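Peer 1: Below are the sequence and a predicted model; questions follow.
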Amino acid sequence: MYRIFDIILSKDNMQATISPKELDFDSMTVEMKSQIEQLYTKSTMEDLVSFLKNKNIVYGLKQDVLEKISRDFKAVIAPVVVAQGTVPIPGEDGYLIYEHEDVEHSHDLSNSDNIDFREKLVIQNVKSGDLLAVYYPPTKGIDGTNVLGETVWHKKGKRLAVKVGKHAKMVGNYIYAAIDGQVKRIRNGVDVNPVFTVNGDLDMSVGNIDFVGNVEIRGGVGKGFVIKAGGDVLVNGLVDNSSIIAKGDIKIRGGILGDQSISIEAGGNLYAHYLNGANITVNGDVIIENSIIQSNCRCFGKITCEKGSIYGGKISCIEGLVIQNVGNDLFVKTDVFIGVDQEIIIRISRLRKMHTEKKEELKRSEEIIKKLLRFKREQRELNDREKQLIGMQKKSYENLLKEVKDIEEELKSIEDLEASCQTAELVCKGAIFPNVTISFGKYAKTIKVEHSHVRVKLKENEIVFLPF
């Protein structure tokens, strides 16, 4: 029994296979048998290639396989791949590579000896101009060829419809932050969220917050936390003995309760329902709905507390104070500084004391130098110690002169601020109680008797009370 071959093409015409076919030798004539025998014994590789070309198989011929078959046709007893097309390489779709994660994550506290479990939150902060993502366009693919020599077209890469959020900008294939904030991935794009929001209370499940943009707490703030914001801070509940530092405004709808150990610092204005035991420093205005109790306040704008009282602590306001009551009927000691910040008044006092002391030192140094120079004029020979002493005194005198000059310059610049005392005033719609001390720069008055419905101001270097 002898075998002849069939050519089998794959459905996609990417592969050609020679497959042996069994024939019934007993039913063949002598002539047919002779022809088949010649086919197996006398055919060459060229004959085999010609046979394939007659079947239109012209590409991807496996020369090594064909050569092996041509040496012994009878050895082919199973299908053998004799031609293989080239598979097309599709182009890659366009895609984005993100430079930042868009989720908050926690610090690794496992290896820390001094663990603060409030320091667990890490926000993906970005600044305006920071790179957010890079877009890589689709690539070109490569065509293939089937065994019939026909081109098999490649699949083109798809362009990604990149979405750039309203707080981001795209330059070429690069996406940058347009504002400070938190990275936020969107479908096929990226944005920057200017607000970091806590949907509830700030507690141990969240931890301290350090964010470059605005912060919104939709509940309250528990004890011992720290919020730092590059923008505004809004708290819908109570701030309980926690610190808030913001470059913008701070608004506390529930009030601030502290033990005078916490710090509230606002680069803009401060709005709160009340202050109790708080330390605040505000570059703008302070607006309080109710009262300010036992708090230390430094305000470089104006303090308004029209419906409540201020009693206890120290209150400084550069541009004035509008209040219902100052002090209370228990005569709690209360200090109010108008026009000049209390820290500046303390600084002025220290500078004046230093100025007096340095002038005394300067006078003593001058007397020693004069005495030594008088010895020299009297033609008395100075010994080495006296020569060394006069050199030291001259150097000390020069240093003291410089120190005195620096103090006088600083005093002048600070005392110029006292001019604001002439325009700032305290407006009291209710009563000012005894044991309240009101200061306008270096001028101060402690209240002995109750005053009602008055405007207090500095007039011709005297603190006066005018009817309101």
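Peer 2: Perfect, thanks for sending it.
Peer 1: Rounded mean pLDDT for the host helix or strand of Val49, please.
Peer 2: Take DSSP states H and E as the rule and Val49 turns out to sit in helix 45-54. Here helix 45-54 scores 86 as its mean pLDDT.
Peer 1: go on, stretch 93-109?
Peer 2: Across stretch 93-109, pLDDT averages out at 72.
Peer 1: just stretch 282-296 next, same as before
Peer 2: Rounded mean pLDDT across stretch 282-296 is 95.
Peer 1: tell me the strands in the stretch 51-200 of the chain, going along the chain?
Peer 2: Along the stretch 51-200 of the chain, counting by DSSP state E, counting those that start in this stretch, strands occupy 80-84, 95-98, 105-106, 121-122, 125-126, 131-136, 144-145, 151-152, 163-164, 168-171, 174-177, 181-186, 189-193, 195-198.
Peer 1: Work out the sheet partners of the second one and label each with its direction, please.
Peer 2: Strands flanking strand 95-98 in the sheet, each with its direction: strand 131-136 (antiparallel) (DSSP bridges).
Peer 1: returning to that earlier point: and the strands of the stretch 51-200 of the chain, which one is worst for confidence?
Peer 2: Looking at those, the lowest mean pLDDT belongs to strand 105-106 (a mean of 48).
Peer 1: about what we covered before: show me the one of the strands of the stretch 51-200 of the chain that comes nearest Leu362.
Peer 2: strand 125-126 (52.5 Å; C-beta to C-beta). From N, CA and C alone the C-beta is placed, and that goes for glycine too.
Peer 1: Just the residues contacting that closest one, thanks.
Peer 2: His100, Leu132, Ala177, Asp180, Gly181, Gln182, Val183, Val192, Asp210, Phe211, Val212 (C-beta atoms under 8 Å, 6 or more residues apart in numbering).
Peer 1: what's the burial count for the residue lying closest to Gly200 once chain neighbours are set aside?
Peer 2: Once flanking residues are discounted, Gly200 sits nearest to Gly219: 4.5 Å by C-beta to C-beta, 6 or more residues apart in numbering. By the measure other C-beta atoms under 10 Å, the count of residues near Gly219 is 16.
Peer 1: again, but for the one 5 residues further on
Peer 2: Counted with other C-beta under 10 Å, the burial measure for Gly224 works out to 15 neighbours.
Peer 1: Quick one, grab the pLDDT at it.
Peer 2: If you check Gly224, the pLDDT there is 89.
Peer 1: Checking it next. Helix, strand or coil?
Peer 2: Per DSSP: H, G, I helix; E, B strand; the rest coil, the secondary structure class of Gly224 is coil.
Peer 1: wait, doesn't it sit right on Asp259?
Peer 2: No. Gly224 lies out of contact with Asp259 (C-beta atoms under 8 Å); the separation is 11.1 Å.
Peer 1: so what sits against both of the two?
Peer 2: With C-beta under 8 Å, 6+ apart, Gly224 and Asp259 have common neighbours Asn241.
Peer 1: helix/strand/coil for the closest residue to Leu238 other than its chain neighbours?
Peer 2: Spatial nearest neighbour of Leu238, chain neighbours left out: Gly254 (3.8 Å); criterion: C-beta to C-beta, 6+ apart. Assigned by three-state DSSP, the conformation of Gly254 is coil.
Peer 1: buried set for stretch 75-93?
Peer 2: Val76, Val80, Val82, Ala83, Gln84, Gly85, Thr86, Pro88, Gly91 (16 or more other C-beta atoms under 10 Å).
Peer 1: With distance to Phe331 as new columns, can those residues be given to me in TSV?
Peer 2: Output for the buried residues of stretch 75-93, formatted as TSV (distance: C-beta to C-beta, whole Å):
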residue	distance to Phe331
Val76	117
Val80	112
Val82	112
Ala83	109
Gln84	103
Gly85	102
Thr86	99
Pro88	94
Gly91	85
